[in-house]
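[1] the following comprises the amino acid sequence and a computationally predicted model.
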Amino acid sequence: MKGNKPLDRDYFKRKANPNAKKGPQLTECCKQDVDRNILNKNNKNDWELIEDYCEETLQSNSGTETITPVCCKVCGRLIEYVSTLNYKSWK
Ligand SMILES: [Zn+2]
């Protein structure tokens, strides 16, 4: 069955490895798509980007008091940023 169908990453993954599972592969620990390039706190360069993001957010939003990069405890992938707001600045 050739042609007339979209070729996606899965197609080439299965072509390279016919036993590969269908659909995006998720990490066991945090269910993140392994093919997505996600920042990882265990990577020095990534951590600098994460810090930069937090610093920028704190500097540009005076209402933000703290910002926490929430990372997977097993593999270190960045899952989300959680920020706390400084309600006193909301005047
Ligand atoms: Zn993980």
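    Arrived safely, thanks for sending.
[2] which stretches of this structure form helices?
    Using DSSP state H, the helices of the chain run over 9-16, 44-60.
[3] compare those helices and say which comes out lowest on pLDDT.
    Mean pLDDT is lowest for helix 9-16 out of these, coming in at a mean of 83.
[4] among the helices of the chain, which is nearest Asp33?
    Among the helices of the chain, the nearest to Asp33 by Cβ to Cβ is helix 9-16 (10.2 Å). In short, each C-beta sits where N, CA and C put it, glycine included.
[5] mind listing what's buried in the closest one?
    Buried residues in helix 9-16, counted by 16 or more other Cβ atoms under 10 Å: Lys13.
[6] so which elements touch it?
    Based on contacts counted as 3 or more Cβ pairs under 8 Å, 6 or more residues apart in numbering; DSSP states H and E, there is no element that helix 9-16 packs against.
[7] contacts for it, please.
    Ala20, Lys22, Gly23, Pro24, Asp35 (Cβ atoms under 8 Å, 6 or more residues apart in numbering).
[8] I'd like these as a markdown table, with neighbour count, pLDDT and distance to the ion appended.
    Shown next, in a markdown table, are the contacts of helix 9-16 (neighbours: other Cβ atoms under 10 Å; pLDDT from 0 to 100; distance: Cβ to the ion, whole Å):
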| residue | neighbour count | pLDDT | distance to the ion |
| --- | --- | --- | --- |
| Ala20 | 13 | 68 | 20 |
| Lys22 | 8 | 70 | 21 |
| Gly23 | 8 | 73 | 18 |
| Pro24 | 13 | 76 | 15 |
| Asp35 | 12 | 79 | 14 |
